[in-house]
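A.B. asks: fold the following and give me the result.
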Amino acid sequence: MVFDLLKKTPSYLALKKDRDNKSLSHAYLVIGSDSLARKNFLTLAALTVICRGACMECASCMKVLGGIHIDVKTYDGGKMSVKDINGIVEDTQTRSIEGGKKLYLIDNAEGLSAAAQNKLLKTYEEPGEDIIIFLAAANEDSILTTIKSRAKKLYIPPFPSKEIVNMLLVKGFERQNAEVAAAYAQGSLERADRMSGEEDYRKNFIAVLEVLSSLKNSKQLAEYIFLPVFSKDKIELTLDFLEIILSDALTLVSGAAVELKTVHRDFDLKQVIKDFSPAGAAMALLAVSEGRKMLNYNINATSVAEKILFDILEARYKWQ
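C.D. replies: Now for the predicted structure:
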């Protein structure tokens with residue numbers, strides 16, 4: 001089902017067109033923050049190149065899907081060293097074992113050091129015959145300009161909620177669970193999959209919702225900032241959830257006719273928006289954005305949580 005969604009994207013259609021026109025690039029850069037979609041896109045790309053019909057049934061497709069095709073090699077860029085890149089460079093000097101293309105799929109390419117990217121550069125620019133290198137990254141920020149300029153870029157877009165709901169229904173989830181997961185996912189297959197399948201993920205969202213519903217005064221901060229949702233390993237996810245809920249709060253208090261993401265939690269959302277004016281909700285959202293910046297500057301999670309919650313309180317009561 002994930003492949004079905006990916007096949008509708010402009011990026012996949014562009015790759016398929018390249019294959020059909022026998023004009024495949026030697027280097028592609030796949031950009032998308034959705035790690036589940038990105039990983040599946042790389043697999044689908046390999047299937048499309050190795051098997052012209054990507055039939056999912058032939059021996060070649062089965063090998064790709066099983067991760068054992070000798071001419072399709074996958075890597076995690078976040079775990080690769082310059083030595084690992086040297087191994088790829090050397091391997092590109094040999095011909096395909098099965099007589100077709102040789103593919104190198106490197107996900108999490110933003111994790112490659114500058115030295116590793118520079119080592120790959122010449123091969124990425126002028127690989128051997130029948131060599132295709134796919135780099136995939138959550139964003140372009142850490143990818144060297146010299147790498148980006150030599151690749152054909154393919155962007156993975158967010159997916160419509162309706163499509164995500166259908167995907168989860170096919171996987172056997174109840175409709176309400178699927179609708180909640182799709183709404184929270186904001187177009188991300190990874191988020192939808194986690195929200196629908198991981199109990200801790202859903203509990204984390206509910207805990208964040210409860211914090212916003214019950215936050216009334218600054219005396220509560222000393223207790224709230226040490227809640228598990230604000231721990232070092234969970235705070236980034238918590239900021240995502242805060243952004244979703246406060247975005248819906250802004251929609252409600254502004255009277256905008258927009259579909260809410262916090263579905264099937266009407267009572268809780270009404271508790272959140274109490275005493276919020278449109279300006280206050282907007283300022284609370286801004287507080288979350290500022291919190292992200294603080295994390296990027298390596299400020300500890302507890303300090304970030306305290307600042308965000310204080311600013312949300314201030315936004316609620318100052319902007320009446």
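A.B. asks: C-alpha from now on. contacts and neighbour counts both.
C.D. replies: Noted.
A.B. asks: buried set for the helix or strand harbouring Leu5?
C.D. replies: If you go by DSSP states H and E, Leu5 is part of helix 2-6. The neighbour-count check on helix 2-6 (16 or more other C-alpha atoms under 10 Å) flags Val2, Leu5, Leu6 as buried.
A.B. asks: then stretch 261-271?
C.D. replies: By 16+ other C-alpha under 10 Å, the buried positions in stretch 261-271 come out as Lys261, Thr262, Val263, Asp268, Leu269.
A.B. asks: skipping its backbone neighbours, what lies nearest the first one in space?
C.D. replies: The shortest distance from Lys261 to any residue other than its chain neighbours is 4.6 Å, reached at Ala183 (C-alpha to C-alpha, 6 or more residues apart in numbering).
A.B. asks: helices and strands around the helix or strand containing the one you found, which ones?
C.D. replies: Per DSSP H and E: Ala183 is located in helix 175-185. Helices and strands touching helix 175-185, by 3 or more C-alpha pairs under 8 Å, 6 or more residues apart in numbering; DSSP states H and E, are helix 161-170, helix 189-197.
A.B. asks: one more time with 10 Å, if that's ok
C.D. replies: helix 161-170, helix 189-197, helix 199-214, helix 235-254 (3 or more C-alpha pairs under 10 Å, 6 or more residues apart in numbering; DSSP states H and E).
A.B. asks: which regions of the stretch 151-300 of the chain sit below the pLDDT cut-off?
C.D. replies: 257-258, 263 (pLDDT under 70).
A.B. asks: still on that earlier bit, dump the buried residues of helix 2-6 into CSV; add distance to Ala54 and pLDDT as well.
C.D. replies: CSV is the format used below for the buried residues of helix 2-6 (distance: C-alpha to C-alpha, whole Å; pLDDT from 0 to 100):
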residue, distance to Ala54, pLDDT
Val2, 14, 88
Leu5, 14, 92
Leu6, 13, 95
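A.B. asks: the stretch 1-150 of the chain: strands as residue ranges?
C.D. replies: For the stretch 1-150 of the chain, the strands defined by DSSP state E, counting those that start in this stretch cover 27-31, 72-76, 102-107, 131-137.
A.B. asks: hmm, back to that, what angle separates the helix holding Ala183 from helix 199-214?
C.D. replies: 70 degrees (axes from the mean of the first three to the mean of the last three C-alpha atoms, to 10 degrees).
A.B. asks: list of residues touching helix 175-185?
C.D. replies: Residues outside helix 175-185 that contact it (C-alpha atoms under 10 Å, 6 or more residues apart in numbering) are 158-169, 171-173, 188-189, 191-197, 202, 205, 240-241, 244-245, 259-265.
A.B. asks: give the buried residues for stretch 117-124.
C.D. replies: Across stretch 117-124, burial judged by 16+ other C-alpha under 10 Å covers Gln117, Asn118, Lys119, Leu120, Leu121, Thr123, Tyr124.
A.B. asks: tell me the mean pLDDT over that stretch?
C.D. replies: On average, the pLDDT along stretch 117-124 is 90.
A.B. asks: need the residues that contact it.
C.D. replies: Counting by C-alpha under 10 Å, 6+ apart, 26-28, 77, 81-83, 85-86, 88-90, 92-93, 109-115, 127, 131-135, 143-144, 146-147, 150-151 sit against stretch 117-124.
A.B. asks: can I have the buried ones of these as a PyMOL selection?
C.D. replies: To isolate the buried members of these in PyMOL, using 16+ other C-alpha under 10 Å:
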select buried, resi 26+27+28+77+81+82+85+89+92+109+110+111+112+113+127+131+132+133+134+135+143+144+147+150+151
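A.B. asks: returning to what we had before: take the buried residues of stretch 261-271 and keep only those in helices.
C.D. replies: Within the buried residues of stretch 261-271, residues falling in helices by DSSP state H are Asp268, Leu269.
A.B. asks: send me the helix holding Leu5 as PDB with only the CA atoms.
C.D. replies: Extracted C-alpha coordinates of helix 2-6, given in PDB (Å, rounded to 0.1, in the frame of the first residue of the first chain):
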ATOM      1  CA  VAL A   2       2.900   2.400   0.700                       C
ATOM      2  CA  PHE A   3       4.300   1.700  -2.700                       C
ATOM      3  CA  ASP A   4       0.800   2.500  -4.200                       C
ATOM      4  CA  LEU A   5       0.900   5.900  -2.500                       C
ATOM      5  CA  LEU A   6       4.500   6.600  -3.600                       C
END
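A.B. asks: residues making contact with that helix?
C.D. replies: 12-13, 36-38, 40-41, 43-44, 156-157, 159-160, 163-164, 167-168, 189.
A.B. asks: most centrally placed residue in the chain?
C.D. replies: Nearest to the mean C-alpha position of the chain, by C-alpha atoms, centre = their mean, lies Asp34 at 2.2 Å.
A.B. asks: report the buried residues of stretch 272-288.
C.D. replies: 272-273, 275-288.
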